[in-house]
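Chemist: quick one: sequence and predicted model below, then my questions.
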Amino acid sequence: MYIVVPYSSCGGTAGKFKVRFFPSGLCADVDDGVLVSDAARAAGVVIGLPCGGGGRCRRCVVNISEGKGTPERVLACLTSINGNVDITVPQYDGSIIASGAHRVTELNDIDPLVPPEGANIFGLAVDIGTTTVAVSVVDMRDGREVYTAAGRNGQGIHGDDVLSRIEHAHAGGTDELRGLIVNTVNDLIAPFGGSAGIGAAYIAGNTVMTHLFLGTDPSPIRVPPYEPVVKEAEVTGAESGLSIAAGARVVCMPSPAAYVGGDITAGIVSSGMDESDELSLLIDVGTNGEVALGNKELMMVCSSSAGPAFEGGKMTSGMMAKPGAIDSFRVTDDDKFEYTVIGGTDPKGLCGSGLIDVLAQLFRVGFIDKKGRYTNRTYLLADVGGEIVTEIADGVYLSNDDAYNAIMTKAAIYSATETLVKGLGVSISDISKIYIAGGFGNFINMESAIAIGMFPDVPRDRFVYLGNASLAGAKYALLSSSVRRRVKNVFERMTYVDLSSDPTFSDEYMSALFIPHTDSSRFPTYADKR
């Protein structure tokens, strides 16, 4: 929420320049040479810096003008203020609220984290993703889900990826990042209205997000021996800062390694692969691209640092899966573009499932080559900010850089999968189930994902969509003592594979930086399609 400062209160300091921000009405007095992004922060205006402020993503565009001069489009993270200016900032995309209710039927026992007593009959499950945060409120008496919501992680103003967040924390921003994630969760549960009746919470998230939720600087993660500062934690409701009962138990899903966190622990448990005799894979299609391989006897895990491309980050027209997002796409026989839009509205951007379809379809018809570059068949090209892009729909674009970022993301996910499989001395054909997790996992067109080389080309009945397995695992642990025992068991026996020092991963990754792969025999379904 913004507190609007009257314009007259700006420009009253000698030697300072007046900066007015629109449409919020906020303003600040700043020194000569201060960056627009820093001036915005001083005024309380949110400007997203997906790449952390290095000018790489070019997504912090604002309009700046002096007096009645013509507005100029500039990058907030690179532009200095040298006079009294007016700045127009695109509006921050807030939370998208969705609610519903159903019984958690997957559990055989209801034995919640705390007994539902008095007014505190509700429990809160939270999935803290780097890009998206999701919450679920359940009635701890019978396991019935009474409220759900999801929205952007407010920490995104300090970068789309965990490394940007770590850098900001290391520079003294840990408390700020903690406040942003706590406020995000509180904003998401506010419409529920009964937050004081929440007597327990279970939090799942990657290792960095868990540290920041606890207010712990995660920067030691990025230096030897690359170990989490905190692997297991429990605090009270009052200590957490959440809008729940002060004495509530707030438990964090354990994080086994620096870049494999509680979200994967939760995913393994919610899939049931930890109780199976057969080998299964869990692929989490998120910013970190974690993969798990195992059964009831063993469990190997790794993280591929896939990046936020499939969650709307660092893309020219990327956005979350919400009304206005193109979620499916095809090219007709006469080279016309057809697509569907969430909510049936005019298209505003591309979400993850739409982006995967776009890559697969443009490659199929020869509009892009194996490296994602435009070919001489490409049409509907436009010049946007000096960059040549393909116009997927009115005002929705895909650049060569977008295509290559997506290819790097899919290559990281596929290579992590192959590295674990080869490390165990088996082949992909030995895997009985491949569980697909992630916020938009249910909406991925499997054929498109295989066609671009993100998932292995195996019989389709081996794939199982889990959706948000992290939130599901947190919810089950909140409600079931047997699930909590499984969480402990999985955490204690996980073996972490460090891909950064694994030569197999390096080789696999370089070979996967093509659509679908340099070795066409791995994708026999599509080997002869082009």
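Modeler: On my side now, so go ahead.
Chemist: pLDDT weak spots in the stretch 1-150 of the chain?
Modeler: Low-confidence segments of the stretch 1-150 of the chain, defined by pLDDT under 70: 1-13, 23-24, 46, 48, 50-52, 56-59, 67-69, 90-107.
Chemist: can you give me the helices in it?
Modeler: 36-43 (DSSP state H, counting those that start in this stretch).
Chemist: strands of that one, start to end?
Modeler: In the stretch 1-150 of the chain, the segments counted as strands under DSSP state E, counting those that start in this stretch are 17-22, 27-30, 61-65, 72-75, 85-88, 102-103, 122-128, 132-139, 144-152.
Chemist: redo those as TSV? Include mean neighbour count and distance to residue 263.
Modeler: Backbone N, C-alpha and C define where each C-beta goes, glycine included. Compiled in TSV, the strands of the stretch 1-150 of the chain are given as follows (neighbours: other C-beta atoms under 10 Å; distance: least, C-beta to C-beta, whole Å):
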stretch	mean neighbour count	distance to residue 263
strand 17-22	20	35
strand 27-30	23	38
strand 61-65	16	32
strand 72-75	14	32
strand 85-88	20	37
strand 102-103	12	22
strand 122-128	29	7
strand 132-139	25	11
strand 144-152	20	14
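Chemist: would you agree residue 467 is in contact with residue 437?
Modeler: Yes: in this structure, residue 467 is within contact of residue 437 by C-beta atoms under 8 Å, at 7.3 Å.
Chemist: quick one: contacts for residue 39?
Modeler: Contacts for residue 39 were tallied using C-beta atoms under 8 Å, 6 or more residues apart in numbering; they are 19, 28, 30, 81, 87.
Chemist: just flag the most distant two among those residues.
Modeler: 30 and 87 (11.2 Å; C-beta to C-beta).
Chemist: shared neighbours, those two?
Modeler: The contact sets of residue 30 and residue 87 overlap at 19, 39 (C-beta under 8 Å, 6+ apart).
Chemist: and the residue nearest the centre of this protein?
Modeler: residue 131 (3.2 Å; C-alpha atoms, centre = their mean).
Chemist: isn't that residue up against residue 288?
Modeler: No: between residue 131 and residue 288 there is no contact under C-beta under 8 Å: 10.3 Å.
Chemist: hmm, back to that, of residue 467 and residue 437, which one has the most company?
Modeler: Regarding residue 467 and residue 437, a neighbour count based on other C-beta atoms under 10 Å identifies residue 437 as having more, with 30 against 17.
Chemist: so what's the residue count around the residue lying closest to residue 378 once chain neighbours are set aside?
Modeler: Nearest residue to residue 378, sequence neighbours excluded (C-beta to C-beta, 6 or more residues apart in numbering): residue 367, at 4.5 Å. Residues lying near residue 367 (other C-beta under 10 Å) number 20.
Chemist: separation between residue 367 and residue 41?
Modeler: 41 Å (C-beta to C-beta, to the nearest Å).
Chemist: mind picking out the helix or strand in the protein with the poorest mean pLDDT?
Modeler: strand 102-103 (a mean of 40; mean pLDDT, DSSP states H and E).
Chemist: skip the chain neighbours and tell me the closest residue to residue 184.
Modeler: With C-beta to C-beta, 6+ apart, the residue lying closest to residue 184 is residue 154, at 4.3 Å.
Chemist: one step back: please tell me how far the residue nearest to the centre of the chain sits from residue 206.
Modeler: To residue 206, residue 131 is 11 Å away according to C-beta to C-beta.
Chemist: what sits in contact with each of the two?
Modeler: Counting by C-beta under 8 Å, 6+ apart, the residues touching both residue 131 and residue 206 are residue 287.
Chemist: look at residue 316 and report its pLDDT.
Modeler: If you check residue 316, the pLDDT there is 89.
Chemist: roughly how far apart are it and residue 382?
Modeler: Taking C-beta to C-beta, one finds residue 316 at 11 Å from residue 382.
Chemist: which residues are common contacts for these two?
Modeler: 389, 397.
Chemist: show me which of those two is the more surrounded one.
Modeler: residue 316 (22 against 11).
Chemist: and the more buried one, that's in a strand?
Modeler: No: read with DSSP: H, G, I helix; E, B strand; the rest coil, residue 316 is coil and lies in no strand.
Chemist: may I ask you to confirm that it is in contact with residue 389?
Modeler: Yes: assessed by C-beta under 8 Å, residue 316 is found in contact with residue 389 at 6.2 Å.
Chemist: any residues in contact with both of these two?
Modeler: Joint contacts of residue 316 and residue 389 (C-beta under 8 Å, 6+ apart) are 397, 398, 399, 402.
Chemist: quick check: the farthest pair among those residues?
Modeler: 397 and 402 (7.9 Å).
Chemist: and the nearest residue to residue 82 once chain neighbours are set aside, how close does it get to residue 65?
Modeler: Leaving out its chain neighbours, the residue that sits closest to residue 82 by C-beta to C-beta, 6+ apart is residue 32, at 6.1 Å. Applying C-beta to C-beta, the value for residue 32 to residue 65 is 18 Å.
Chemist: also residue 289?
Modeler: Taken as C-beta to C-beta, the span from residue 289 to residue 65 is 41 Å.
Chemist: just give me the neighbour total for residue 370.
Modeler: For residue 370, using other C-beta under 10 Å, the count is 15.
Chemist: using the three-state scheme, assign it.
Modeler: coil.
Chemist: relative to residue 35, how far out is it?
Modeler: Taking C-beta to C-beta, one finds residue 370 at 40 Å from residue 35.
Chemist: who's in contact with residue 65?
Modeler: 71, 72, 85, 86.
Chemist: what about residue 292, helix or strand, and which?
Modeler: Applying DSSP states H and E as the criterion places residue 292 in strand 290-294.
Chemist: could you identify the helix or strand that succeeds the top helix by length along the chain?
Modeler: Counting residues, the longest helix in the chain under DSSP state H turns out to be helix 400-423. Going down the chain from helix 400-423, the next helix or strand is strand 433-437, by DSSP H and E.
Chemist: okay, the angle between that following strand and strand 290-294?
Modeler: Taking axes from the mean of the first three to the mean of the last three C-alpha atoms, to 10 degrees, one finds that strand 433-437 is oriented at 150 degrees with respect to strand 290-294.
Chemist: ok, and what's touching strand 433-437?
Modeler: Taking C-beta under 8 Å, 6+ apart as the rule, strand 433-437 contacts 267, 271, 273, 276, 278, 280-285, 444, 455-456, 458, 462-470.
Chemist: run the chain-centre distance for that strand.
Modeler: Relative to the centre of its chain, strand 433-437 is centred 18 Å away, using C-alpha atoms, centre = their mean, to the nearest Å.
Chemist: list the buried residues of the helix or strand just after that strand.
Modeler: Using DSSP H and E, the helix or strand that follows strand 433-437 in sequence is helix 446-451. The neighbour-count check on helix 446-451 (16 or more other C-beta atoms under 10 Å) flags 448, 449, 450, 451 as buried.
Chemist: elements contacting helix 446-451?
Modeler: Packing contacts for helix 446-451, counted by 3 or more C-beta pairs under 8 Å, 6 or more residues apart in numbering; DSSP states H and E, involve helix 352-364.
Chemist: can you tell me which residues contact the closest residue to residue 43 other than its chain neighbours?
Modeler: Spatial nearest neighbour of residue 43, chain neighbours left out: residue 28 (3.9 Å); criterion: C-beta to C-beta, 6+ apart. Applying C-beta under 8 Å, 6+ apart, we find residue 28 in contact with 10, 19, 21, 39, 42, 43.
Chemist: got the contact list for the third one?
Modeler: Residue 21 sits next to 27, 28, 40, 43, 45, 86, 87, 88, 89 when contact means C-beta under 8 Å, 6+ apart.
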